[in-house]
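Asker: no sequence on this one, just coordinates:
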């Protein structure tokens, strides 16, 4: 039972354009959402998060949008840079402050120079 | 400051053996979590330790166990290894308190286990 789904295994975007990565969840108890980026041979690195009391959170080139009614969140990267090429994981937790994260299967983003 | 350190980075075992993986968290972090990453499954939560106590547990069989020491270092053990246990095992640490950002995990590079 995949409670967090990333339906696009891969995405290619031209350098300088916007990258949009999507994530859907099914568990209504999730109240905190995070995005992690992973390079080969490294552990995932935290990018940005959002709590369920917000619908948008921005940090530099990265913006996360949360649509609670649709149980959908997205990560926007503007402008996309070659260094953004990595696997991006969406994660969710229930009971704010809980270290138990449920991850999606990841989307491999490739930025084309 | 030093990141999360996992040892060994790579190891090969045979079916039926057991393995112990080690994790040193970031200084000051009291929570250590373990995740298994396999192709197509993403990261799956194994367990989390806080102040030497298991606070959360995922849906893995009893062959998977862990512990945390008083200095917050953690080990996980897998007994009676099966071929399906081949995976990247990731350790993550966090402050562990119930406050904003407390559950933002910092991951180590992982221990890649191959079971033959």
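Answerer: Okay, I see it. Quick caveat: nothing in here was measured; it's all calculated off a predicted structure.
Asker: so who does the single nearest residue of chain A relative to chain B touch?
Answerer: Nearest residue of chain A to chain B: residue A:43, at 3.2 Å (C-beta to the nearest C-beta). No exception for glycine: its C-beta is placed from N, CA and C like everyone else's. Counting by C-beta atoms under 8 Å, 6 or more residues apart in numbering or on different chains, residue A:43 touches B:4, B:90, B:92, B:107, B:108, B:109, B:110.
Asker: now with 6 Å, please.
Answerer: Neighbouring residues of residue A:43 by C-beta atoms under 6 Å, 6 or more residues apart in numbering or on different chains: B:90, B:107, B:108, B:109, B:110.
Asker: now do residue A:34
Answerer: Taking C-beta under 6 Å, 6+ apart, one finds A:49, A:91 in contact with residue A:34.
Asker: go on, residue B:25?
Answerer: Listed by C-beta under 6 Å, 6+ apart, the contact set of residue B:25 reads B:4, B:32, B:72, B:93.
Asker: cool, residue A:48 as well?
Answerer: Taking C-beta under 6 Å, 6+ apart, one finds A:35, A:59, A:62, A:64 in contact with residue A:48.
Asker: next, format the residues you listed as CSV and append distance to chain B and neighbour count.
Answerer: CSV is the format used below for those (distance: C-beta to the nearest C-beta, whole Å; neighbours: other C-beta atoms under 10 Å in any protein chain shown):
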residue, distance to chain B, neighbour count
A:35, 11, 24
A:59, 12, 10
A:62, 14, 17
A:64, 13, 24
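Asker: among these, which two are most distant?
Answerer: A:35 and A:59 (10.2 Å; C-beta to C-beta).
Asker: break down chain B into its strands, ranges please.
Answerer: Ranges of strands within chain B are B:5-7, B:10-13, B:19-24, B:31-38, B:42-50, B:53-57, B:64-68, B:74-78, B:87-94, B:106-107, B:111-115, based on DSSP state E.
Asker: what does chain A give?
Answerer: A:4-5, A:10-14, A:19-25, A:30-38, A:45-51, A:56-59, A:62-67, A:72-77, A:86-94, A:102-103, A:107-112.
Asker: residues of chain B that sit close to chain A?
Answerer: Counting by C-beta under 6 Å from any C-beta of the partner chain, chain B comes close to chain A at B:31, B:33, B:42-43, B:45, B:48, B:56, B:90, B:94, B:98, B:102-104, B:107-110.
Asker: for the chain, what are the low-confidence residue spans?
Answerer: Here I'm looking at chain A. Scanning chain A for pLDDT under 70 picks out the ranges A:1, A:96-97.
Asker: wait, I meant chain B there
Answerer: If you take pLDDT under 70 as the line, chain B has these spans: B:1, B:97-102.
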